[in-house]
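In: structure, please.
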Amino acid sequence: MRYLESPHCNARPDLMEIDCIVLHAISLPDGVFEQAHIDDFFMGELDISAHSSFVSLKGVRVSAHFVVNRKGEVTQFVPCQKRAWHAGESSWLGRKGCNDYAIGIEIIGDEKRPFTHAQYTEVARLCRVLMQHYPNITKERIVGHQDIAPDRKWDPGKQWRWQRFHRSYSHIRKLNLEVR
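Out: Numbers count the residues shown, from 1 in each chain. A predicted model of the protein is given here:
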């Protein structure tokens with residue numbers, strides 16, 4: 001796994017249990033599945049002149065713990081013990097501020113094209129590893145961004161097949177992924 005240390009993170013509240021995973025979808029610009037702009041965005045180095053749609057991202061500070069690209073390659077940006085800035089204003093099961101207690105996984109994709117087999121496999125494997133490290137994360141506590149911010153967010157969206165994902169991680173046996 002590749003590791004890039006994003007400056008867009010901070011400490012979680014004291015004694016905060018990590019007990020949720022939030023799945024997201026991202027493409028920069030929309031519909032382009034290259035990872036370079038995403039890396040730059042999460043590192044605070046996005047050249048807003050590179051694409052007209054990037055102007056709206058000027059000064060935006062965002063990150064996720066992990067990104068899974070179309071080939072299933074995983075990049076970690078924020079250590080799990082720190083708070084990544086992925087959920088924004090959010091709530092799950094009546095608990096606000098999901099960034100405080102959740103791990104964010106961005107999956108490179110959009111609302112128009114299916115996610116890849118490699119993405120389902122690696123997101124499932126990553127979730128299984130995280131569930132081993134953080135036993136309060138259960139299958140029911142792996143949610144989409146649209147579940148925690150339904151009026152603001154669509155992702156991972158209709159293209160993310162939850163049933164396929166749950167089948168994928170129930171078959172995962174090899175768990176040799178090291179997370180920070």
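In: the strands in the chain, which residues?
Out: Remark: strands assigned in the chain by DSSP state E are 2-3, 9-11, 20-26, 66-68, 74-76, 82-84, 91-92, 95-96, 102-108, 142-144.
In: partners of the fourth one, with directions?
Out: When you say that, I think you mean strand 66-68. strand 74-76 (antiparallel), strand 102-108 (parallel) (DSSP bridges).
In: how about JSON lines for those strands, with mean neighbour count added?
Out: (C-beta placed from N, C-alpha, C; glycine too.) Listed next are the strands paired with strand 66-68 as JSON lines, based on neighbours: other Cβ atoms under 10 Å:
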{"stretch": "strand 74-76", "mean neighbour count": "20"}
{"stretch": "strand 102-108", "mean neighbour count": "26"}
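In: for the residue of the chain positioned farthest from its centre, what are its contacts?
Out: Centroid-distance maximum for the chain: Ser49 at 25.3 Å, with Cα atoms, centre = their mean. With Cβ atoms under 8 Å, 6 or more residues apart in numbering as the criterion, no residue contacts Ser49.
In: and it, how far from Pro29?
Out: Counting by Cβ to Cβ, to the nearest Å, the gap from Ser49 to Pro29 is 13 Å.
In: buried stuff in the longest helix along the chain?
Out: Longest helix of the chain, by residue count under DSSP state H: helix 117-133. For helix 117-133, a neighbour-count test (16 or more other Cβ atoms under 10 Å) marks 119-131 as buried.
In: pick the one among these closest to Val143.
Out: Cys127 (11.3 Å; Cβ to Cβ).
In: re the thing from before, make TSV from the strands of the chain and add distance to Asp39 and mean pLDDT to it.
Out: Below are the strands of the chain laid out as TSV (distance: least, Cβ to Cβ, whole Å; pLDDT from 0 to 100):
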stretch	distance to Asp39	mean pLDDT
strand 2-3	9	96
strand 9-11	15	98
strand 20-26	11	98
strand 66-68	8	98
strand 74-76	7	98
strand 82-84	14	98
strand 91-92	28	96
strand 95-96	30	96
strand 102-108	11	98
strand 142-144	23	97
